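> Sequence first, then the predicted structure, then my questions.
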Amino acid sequence: MDWDQLATLAQLVTGAATLAVAVFLATQLRIQRQDSERAHGDSEREILYAANRDIVNIFARTMDPHFGPIAYKGGQDFDSLEGEERLQFLILCYSYMMTQSVNFRAGNEGLDRGIESRLRAQSLGFWTIYPGIGTYYERYGRSHTFDPEMRAIIDSAFHDHFGREVETNWHFGSQQEARESWQRLQGEIS
């Protein structure tokens, strides 16, 4: 075997080795991508589980002998609450809405039994049983619902349930100059 044949053989072996490395790396990339997708799914599931655990804890708190009557009273008539009772009910509703927001941002909309919107179904269900939560949304909750898509879904549910548009002049519980304050926050006016 002369040097030319030996060089050709060496090039063939090198080419085969390069091809083997390329196949190996492609396989490793595929495995890494699958692991990454699995980890992403696991993290999304963990966020959902944590959010659901939070809401279960919130509901457990409403069963407390001290707070249960306050939650019921506020759920029936938000305006019947004063002072400490109102503050406790506000915190309950805020916590509930933050949990909804986490679920919404995690992309868990419409994953239950073919419903179009979990957020809409939950809002309508709560407002049917506890209309005071709807009052909370209008006066306080809408102010900290920063995702426009989420706000549109809840506003639509509010309209369908209460038969009117949400009064958008409320801003964190205050009507005075609420609209202008909200617009300043949104950068619509200076």
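Perfect, I can see it now. Residues are numbered from 1 along each chain as shown.
> which residues touch the nearest residue to residue 159 once chain neighbours are set aside?
In this structure, residue 159 finds its nearest non-sequential neighbour in residue 165, 5.8 Å apart by CB to CB, 6 or more residues apart in numbering. Placement of C-beta: from N, CA and C, glycine included. Residue 165 is in contact with 155, 158, 159, counting by CB atoms under 8 Å, 6 or more residues apart in numbering.
> Of these, which count as buried by neighbour count?
Neighbour-count burial (16 or more other CB atoms under 10 Å) applied to the contacts of residue 165 gives 155, 158.
> if you look at the contacts of residue 165, which of them are in helices?
155, 158, 159 (DSSP state H).
> Ranking helices and strands of the chain by mean pLDDT, which lands last?
helix 178-186 (a mean of 63; mean pLDDT, DSSP states H and E).
> how about the contacts of residue 165 in TSV, adding distance to residue 60 and pLDDT?
Output for the contacts of residue 165, formatted as TSV (distance: CB to CB, whole Å; pLDDT from 0 to 100):
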residue	distance to residue 60	pLDDT
155	30	95
158	27	95
159	32	96
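> For the contacts of residue 165, give me CSV that also has distance to residue 45.
Shown next, in CSV, are these (distance: CB to CB, whole Å):
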residue, distance to residue 45
155, 29
158, 30
159, 33
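> Specify which member of the contacts of residue 165 is nearest to residue 128.
residue 158 (12.3 Å; CB to CB).
> Name all residues that make contact with the closest one.
Taking CB under 8 Å, 6+ apart, one finds 123, 127, 134, 137, 138, 165, 166 in contact with residue 158.
> and the helix or strand where residue 32 lies, how far out from the chain's middle?
For residue 32, the enclosing helix or strand under DSSP states H and E is helix 3-62. Chain-centre distance of helix 3-62: 27 Å, with CA atoms, centre = their mean, to the nearest Å.
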